[in-house]
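Colleague: coords please:
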Amino acid sequence: MAKAKAAVPSSSSGGKSAKKKKWSKGKVKDKAQHAVSLDKPTFDRIMKEVPTFRFISQSILIERLKIGGSLARVAIRHLERDGLIKRIVHHSGQLVYTRATAGTD
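Modeller: Coordinates of the predicted model:
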């Protein structure tokens, strides 16, 4: 019985460890409102600007043109089919392209 009484108070008191740790909230990033459908100005901008980028990937198009991921993938496929960009790396997670130069092919 003495052991039981001794065990109870020691577990409830404990100085520093008695208070719960307050975790930092961290910074919350606002949800991006990217375009999910292709309109004429966005299409024109893709056709004009993207072939001039040195490094082209889905992430770059999403960030710079404020379009959705599926739209970026479609745009990249379209530009590659037209020969305006050239594939560097084909990976399941990320496709990497560069601008097509006149000296190649």
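Colleague: now the helices: where do they sit in the chain?
Modeller: For the chain, applying DSSP state H gives helices covering 2-12, 40-49, 58-65, 69-81.
Colleague: could I get the average pLDDT for the shortest one?
Modeller: Read it as helix 58-65. Helix 58-65 carries an average pLDDT of 92.
Colleague: so how far is that helix from its chain's centroid?
Modeller: Helix 58-65 has its C-alpha centroid displaced from the chain centroid by 9 Å (C-alpha atoms, centre = their mean, to the nearest Å).
Colleague: list of residues touching it?
Modeller: 34, 42, 45-46, 49-50, 53, 67-69, 72-73, 75-76, 94-95 (C-beta atoms under 8 Å, 6 or more residues apart in numbering). Heads up, the C-betas are built off the backbone N, CA and C, glycines and all.
Colleague: at 10 Å instead, please
Modeller: Contact with helix 58-65 is made by 32, 34-35, 42, 45-46, 49-50, 53-54, 56-57, 67-73, 75-76, 79, 93-97, as judged by C-beta atoms under 10 Å, 6 or more residues apart in numbering.
Colleague: give me the buried subset of those residues.
Modeller: Buried by 16 or more other C-beta atoms under 10 Å: 42, 46, 50, 56-57, 67-68, 71-72, 75-76, 79, 95, 97, out of the contacts of helix 58-65.
Colleague: and those residues, which two are furthest apart?
Modeller: The largest separation in the buried ones among the contacts of helix 58-65, counting by C-beta to C-beta, is between Thr42 and Leu95 at 20.1 Å.
Colleague: related to what we said a few turns ago, what's the closest of the buried ones among the contacts of helix 58-65 to Lys21?
Modeller: Nearest to Lys21 among those, counting by C-beta to C-beta, is Gly68 at 38.6 Å.
Colleague: distance of that closest one relative to Thr101?
Modeller: Gly68 is 29 Å from Thr101, where distance means C-beta to C-beta, to the nearest Å.
Colleague: try Lys25
Modeller: 48 Å.
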